[in-house]
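K.L.:
got a predicted model here, sequence first, then my questions.
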Amino acid sequence: MKKIFLLLAILLTQLQLTAQKRKAIYIVLDGIPADYIERVHPKTIFEIAEKGNYARAITGGEIGRYSETPTISAIGYMNMLTGTWMNKHNVNGNSNLKPNYNYWSLFRIAKSQDTDYKTALFSSWTDNRTVLIGADKPETGNLKIDYVYDGYELDKQRFPEKANNMHIFEIDSVVCHEAAKCIREKAPDLSWVYLWYTDAGYHQYGDGAYMDQYVRKTDELIRQIWEAVQLREKEYNEEWLVIVTTDHGRDESGYHHGRQSERERSVWISTNAAKVNSHFQSPSLSLVDILPSICSYMQFEMPQEVAFEKDGVSFLGKNDISDLTTHPYDQYVTLKWNCTKSKEDATIYMATTNNYKEGGKDEWIKIGTTKANKKEFTVDLNKYPKSKFYKFVVATPNNLITKWIFK
């Protein structure tokens, strides 16, 4: 018997040693609408998709509801970074930014794990680190980013302003070079790459041959990152999740963005992940789904109070439910959702406060359980403290979905 246990222990150790170490990187190319990326069909982005999958997605929250979110750059970064819409993360433009750090970023989640995950930021805009992530701020628990490559736009000697904003493209080039080098040599566990020039180019030239050229040129920049990832996978027994996306679309001319037209809301996701779930091809796929997808892939854990505030649904791993809607009728609220073929139980929680927004805690009341495939649950509000505001969570063993209502 001792020999059997010893053999099992040896086999387990060998499996642990041979298991591929997971890494994740997401790349944001600013302001390229879905129809444009599909027409220009940049080589690297679609080579990544050929390894995995490509889909259109949305940004901008729900039109006319509490989560409606302008299709503006910094707001889009925060949608991805926090897995929430503007009503939570509180970034409402590109300047005078006041993020609500109570809604944890992907980087804070990574650093809260028991494993010492190494993180990296490669960015053409320094505010991504200093303001949006909130690195080294008390409000984020003095969050540290292990490898930082930014600040280039502040270096006017090295990158003086040039015609057609070409200094920004030069910065993007340096960012990609440093990202590829760091991946080859350091292989951070979680990385974010942000490139700026495409948005600057559209603002100056709109849709046309010029932007066709620079969408392709930007794609050529990220090829060196993609090649570095492939090198790591080949030589270092690593498995990498790569996500390439954009933060918003554009209006019909291509010059502007910020509103809720279909093209401004239309974004896209290219990933090397071959095994996506059904949510990836659903009409509700959105930018807030990137955070839970990376967390699922990396097997990051979140405290319940953090997870209950996230708006996204993972497109990786098993999901039971998605697309929660609320239907108030007098003092009743019927919750409805979509469901896979899952036979799992769904547990329903409710909170009547939003103390979390101010850094406090909400009392989450467990109000019932049903089968997920029943796809609905009716709440009798008469049984609970009266409020003008309710937060709901429907949770299964594999995922959860959230929604607010105001009465």
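P.N.:
Arrived safely.
K.L.:
rest of the way, CA atoms for contacts and neighbours
P.N.:
OK.
K.L.:
show me where the stretch 101-250 of the chain has strands.
P.N.:
Under the criterion DSSP state E, counting those that start in this stretch, strands of the stretch 101-250 of the chain are mapped to 119-123, 147-149, 190-195, 238-245.
K.L.:
okay, those, which one's buried deepest?
P.N.:
Comparing these by mean neighbour count (mean count of other Cα atoms under 10 Å), strand 119-123 comes out on top with a mean of 26.
K.L.:
just the C-alphas of that one, formatted as PDB.
P.N.:
What follows is the C-alpha trace of strand 119-123 in PDB, where atoms were taken according to Å, rounded to 0.1, in the frame of the first residue of the first chain:
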ATOM      1  CA  THR A 119       1.600  41.900 -14.000                       C
ATOM      2  CA  ALA A 120       2.600  44.200 -16.800                       C
ATOM      3  CA  LEU A 121       1.300  47.300 -18.600                       C
ATOM      4  CA  PHE A 122       2.500  48.500 -22.000                       C
ATOM      5  CA  SER A 123       0.700  51.700 -22.700                       C
END
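K.L.:
pull up the pairing partners for the helix or strand hosting Y349, direction included.
P.N.:
Element membership of Y349 [criterion: DSSP states H and E] is strand 345-351. When pairs are called by DSSP bridges, strand 345-351 turns out to pair with strand 365-371 (antiparallel), strand 389-395 (antiparallel).
K.L.:
tilt between the longest helix along the chain and strand 190-195?
P.N.:
Looking only at the chain and at elements set by DSSP state H, the helix with the highest residue count is helix 209-235. What separates the directions of helix 209-235 and strand 190-195 is an angle of 160 degrees, with axes from the mean of the first three to the mean of the last three Cα atoms, to 10 degrees.
K.L.:
can you tell me which helix or strand of this protein has the lowest average pLDDT?
P.N.:
Of all the helices and strands that make up the chain, the one with the lowest confidence by mean pLDDT, DSSP states H and E is helix 2-18; it has a mean of 49.
K.L.:
okay, the closest residue to G76 other than its chain neighbours: pLDDT?
P.N.:
The shortest distance from G76 to any residue other than its chain neighbours is 4.6 Å, reached at D247 (Cα to Cα, 6 or more residues apart in numbering). On pLDDT, D247 comes in at 98.
K.L.:
same check, this time on H41
P.N.:
Taking H41 on its own, its pLDDT is 98.
K.L.:
still on that earlier bit, buried residues in the strand holding Y349?
P.N.:
Of the residues in strand 345-351, those scored as buried under the neighbour-count criterion (16 or more other Cα atoms under 10 Å) are D345, A346, T347, I348, Y349, M350, A351.
K.L.:
and of those, the nearest to A163?
P.N.:
Looking at the buried residues of strand 345-351 and their distance to A163, the nearest is A351, at 53.7 Å (Cα to Cα).
K.L.:
show me the contacts for the closest one.
P.N.:
Taking Cα atoms under 8 Å, 6 or more residues apart in numbering as the definition of contact, the neighbours of A351 are D362, E363, W364, I365, Y390, K391, F392.
K.L.:
against Y66, how distant is it?
P.N.:
Between A351 and Y66 the computed distance is 17 Å (Cα to Cα, to the nearest Å).
K.L.:
out of the strands of the stretch 101-250 of the chain, flag the one nearest N399.
P.N.:
Taking Cα to Cα as the criterion, strand 238-245 is the member of these that comes nearest to N399, at 19.8 Å.
K.L.:
now the element after that closest one, going C-ward?
P.N.:
Toward the C-terminal end, the helix or strand that comes next after strand 238-245 (DSSP H and E) is helix 262-265.
K.L.:
quick one: buried residues of that next one?
P.N.:
Here helix 262-265 shows R263, E264, R265 as buried, counting by 16+ other Cα under 10 Å.
K.L.:
over to stretch 64-75?
P.N.:
Within stretch 64-75, judged by 16+ other Cα under 10 Å, the buried ones are S67, E68, T69, P70, T71, I72, S73, A74, I75.
K.L.:
what of stretch 194-207?
P.N.:
The neighbour-count check on stretch 194-207 (16+ other Cα under 10 Å) flags Y194, L195, W196, Y197, T198, D199, A200, G201, Y202, H203, G206, D207 as buried.
K.L.:
likewise for stretch 383-392?
P.N.:
Y390, K391, F392.
K.L.:
hang on, the earlier thing: can you put the buried residues of stretch 194-207 in JSON lines and add distance to E178 and pLDDT?
P.N.:
Rendered in JSON lines, the data for those read as follows (distance: Cα to Cα, whole Å; pLDDT from 0 to 100):
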{"residue": "Y194", "distance to E178": "12", "pLDDT": "98"}
{"residue": "L195", "distance to E178": "13", "pLDDT": "98"}
{"residue": "W196", "distance to E178": "15", "pLDDT": "98"}
{"residue": "Y197", "distance to E178": "17", "pLDDT": "98"}
{"residue": "T198", "distance to E178": "19", "pLDDT": "98"}
{"residue": "D199", "distance to E178": "21", "pLDDT": "98"}
{"residue": "A200", "distance to E178": "21", "pLDDT": "98"}
{"residue": "G201", "distance to E178": "23", "pLDDT": "98"}
{"residue": "Y202", "distance to E178": "25", "pLDDT": "98"}
{"residue": "H203", "distance to E178": "27", "pLDDT": "98"}
{"residue": "G206", "distance to E178": "29", "pLDDT": "98"}
{"residue": "D207", "distance to E178": "30", "pLDDT": "98"}
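K.L.:
among those residues, which lie within helices?
P.N.:
Y197, T198, D199, A200, G201, Y202, H203.
K.L.:
ok, I109 - contacts?
P.N.:
In this structure, I109 makes contact with F300, E301, M302, judged by Cα under 8 Å, 6+ apart.
K.L.:
what about K366, neighbour count?
P.N.:
Summarising burial for K366: neighbours were counted as other Cα atoms under 10 Å, giving 14.
K.L.:
any idea what it is bridged to?
P.N.:
Using DSSP bridges, the bridge partners assigned to K366 are Y349.
K.L.:
quick check: it vs A351, distance?
P.N.:
9 Å.
K.L.:
which of the contacts of I109 fall in helices?
P.N.:
Counting by DSSP H, none of the members of the contacts of I109 fall within helices.
K.L.:
just the buried members of those residues?
P.N.:
Buried by 16+ other Cα under 10 Å: F300, out of these.
K.L.:
and the contacts of I109 as a markdown table, adding pLDDT and distance to A179?
P.N.:
Converted to a markdown table, the contacts of I109 look like this (pLDDT from 0 to 100; distance: Cα to Cα, whole Å):
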| residue | pLDDT | distance to A179 |
| --- | --- | --- |
| F300 | 98 | 23 |
| E301 | 98 | 27 |
| M302 | 97 | 28 |
